[in-house]
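# model this:
(one chain, ligands or ions: 1)
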Amino acid sequence: MDSTKRLTIRLENLQFSALRYRLVVNLEKSLAVDASLVFLESVDSTNHELARLMTTSAKPDLFAVVAAEQTAGRGRLERSWVSEPGTSISLSVLLEPTKNVEQGLVPLFVGSCVARALSTITGKDAGVKWPNDVLIDGKKICGVLSELKDQGVIAGIGINLERQQGAPDTACAVGDFASADFDGALSMVLAELRAGWSDWLSEGNDFALGLIRSTSVTVGMKVRAIMPSGEEVVGTAVSIESDGRLLIEGSETYLVSAADVWHLRN
Ligand code: BTN
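Residues are numbered from 1 along each chain as shown. The predicted model follows:
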C-alpha cells in the first residue's frame, strides 16, 4: 500500500487529520490539528493542559490533548508518571457523561477502549487490571488517570511506546510486540474511544459494562487490594458491579471502589 493511500484510510477512520502535524511538529510548540485535537511537543501534564484549556473556552465532548513528552506527568494516587520524549503517548480526553451514564464506569471504560486498541496494534491480548491499568502478558503497557471536573471527566492515558530507561520488569511497551508508531497508536486509541463512547451513549450502560467485563483480567483472580485508607484485603475478585466497584470475596465480602490491586497466583 503506498503512503498516500494509507494516509487516506487513516483520515477516514479518524475524522481528523492526525498526520498533518507531523509536517509542522518541529516548527510550533503547540498545534491545534482541528477543533477536537491539540498536539504539543512538550507539556507539564496533558491533564493539566486540558483543564487549563477548558477554562479559556468551552470544549467539545471528546476534545483531546496529546503530547510527545510530559515534564510533570501524574499517575494515580499522587504518583508521578514518567513520559520521556519519543517513548510514550500522553493523551487526555474530555468525556462529558449525560445524566444516564453511570459515572463510576467511565475510568474503567477508558481502559477497556485502550485495551481494544492495543490488542489490534500489537496482535496480543491486552486486558484491564481493575480499575484501569492495561496489561499485556501480565505487564503494564498503559495507565489511566481520570479526574472529575465541572464540565466532565478528563481521562488521562499514558501508553508506553518504547521501554523507558529504568522501567521496572513489570512494564512493557508497544515496541516489544510491534512497530512503535506514535501516529498509528494515537489514531487507533482515539478511534476506539470515539466509537465506544458513541455506542455507550446510544445503547446505554449495559454496553459499557459488557465491554468492561469482557476486557477484565482481574475477575477470577486472587487479588490483594490496598484501600486509600491503608486497609488491605485479600480474596478472589468475583465480579465488576454495575457501578464499577470490584466485588472481592475473602474472609468477608468486600465492595471496593478505589484501591491499588495486585494479582496473586491463583
Ligand atoms: C497510573 O497508572 O498511575 C496512571 C498514569 C496516567 C498517565 C497519563 S499520561 C497522560 C495524562 N497526563 C498525566 O499527567 N497523567 C495522565
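
# Flag every buried residue along the host helix or strand of residue 146.
Assessed by DSSP states H and E, residue 146 sits inside strand 139-148. Neighbour-count burial for strand 139-148, counted by 16 or more other C-beta atoms under 10 Å, picks out 139-147. Any C-beta I mention is one placed from the backbone N, CA and C, and that applies to glycine too.

# Dump it to PDB, keeping only the CA atoms.
Only the C-alpha atoms of strand 139-148 are listed here, as PDB (Å, rounded to 0.1, in the frame of the first residue of the first chain):
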ATOM      1  CA  LYS A 139       2.900  -6.400  32.300                       C
ATOM      2  CA  LYS A 140       1.600  -2.800  32.300                       C
ATOM      3  CA  ILE A 141       1.600  -1.000  29.000                       C
ATOM      4  CA  CYS A 142      -0.800   1.800  29.800                       C
ATOM      5  CA  GLY A 143      -2.100   3.700  32.800                       C
ATOM      6  CA  VAL A 144      -5.200   5.900  33.100                       C
ATOM      7  CA  LEU A 145      -5.800   8.800  35.400                       C
ATOM      8  CA  SER A 146      -9.300  10.100  35.400                       C
ATOM      9  CA  GLU A 147     -10.300  13.400  37.000                       C
ATOM     10  CA  LEU A 148     -13.800  14.700  37.600                       C
END
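
# Give me every residue in the protein lying close to the ligand.
Counting by C-beta under 6 Å from any ligand atom, the chain comes close to the ligand at 45-47, 70, 73-76, 79, 81, 90-92, 133, 143-145, 156-158.

# Could you check how far the closest residue to the ligand within the stretch 1-150 of the chain is from residue 74?
The ligand sits closest to residue 143 of the stretch 1-150 of the chain, with a gap of 2.1 Å, by C-beta to the nearest ligand atom. Applying C-beta to C-beta, to the nearest Å, the value for residue 143 to residue 74 is 10 Å.

# Mind listing the shared neighbours of the two?
Here residue 143 and residue 74 have residue 81 as joint contacts, going by C-beta atoms under 8 Å, 6 or more residues apart in numbering.

# So which of the residues of the chain next to the ligand are in strands?
70, 90-92, 133, 143-145, 156-158 (DSSP state E).

# what's the closest of those to residue 221?
Lowest distance from residue 221 to these (C-beta to C-beta) belongs to residue 133, with 13.1 Å.

# Where do the strands of the stretch 151-266 of the chain begin and end?
Taking DSSP state E, counting those that start in this stretch as the test, the strands found in the stretch 151-266 of the chain are 153-160, 222-226, 232-240, 246-250, 253-256, 260-264.

# Point out the most buried one among the ones you listed.
Across these, averaging neighbours per residue (mean count of other C-beta atoms under 10 Å) puts strand 153-160 on top, at a mean of 25.

# tilt between it and strand 139-148?
Orientation check (axes from the mean of the first three to the mean of the last three C-alpha atoms, to 10 degrees): strand 153-160 against strand 139-148 gives 160 degrees.

# Using CSV, write down the CA coordinates of strand 153-160.
This file holds the C-alpha atoms of strand 153-160, laid out as CSV (Å, rounded to 0.1, in the frame of the first residue of the first chain):
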residue,chain,number,x,y,z
VAL,A,153,-14.2,13.7,33.1
ILE,A,154,-10.7,14.3,32.0
ALA,A,155,-9.3,10.8,31.1
GLY,A,156,-5.5,10.9,31.0
ILE,A,157,-4.0,8.0,29.2
GLY,A,158,-0.2,7.1,29.2
ILE,A,159,0.9,4.5,26.8
ASN,A,160,4.4,3.0,26.7
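
# roughly how far apart are residue 201 and residue 223?
Note on residue 201: its distance to residue 223, by C-beta to C-beta, is 31 Å.

# which residues does the residue of the stretch 1-150 of the chain closest to the ligand bridge with?
Under DSSP bridges, the beta-bridge partners of residue 143 are residue 158.

# Check the gap between it and residue 218 for me.
15 Å.

# ok, for the spatially most central residue of the chain, nearest residue in space, not its chain neighbours?
Nearest to the geometric centre of the chain sits residue 157, at 3.7 Å (C-alpha atoms, centre = their mean). Excluding its sequence neighbours, the residue lying closest to residue 157 (C-beta to C-beta, 6 or more residues apart in numbering) is residue 91, at 4.6 Å.
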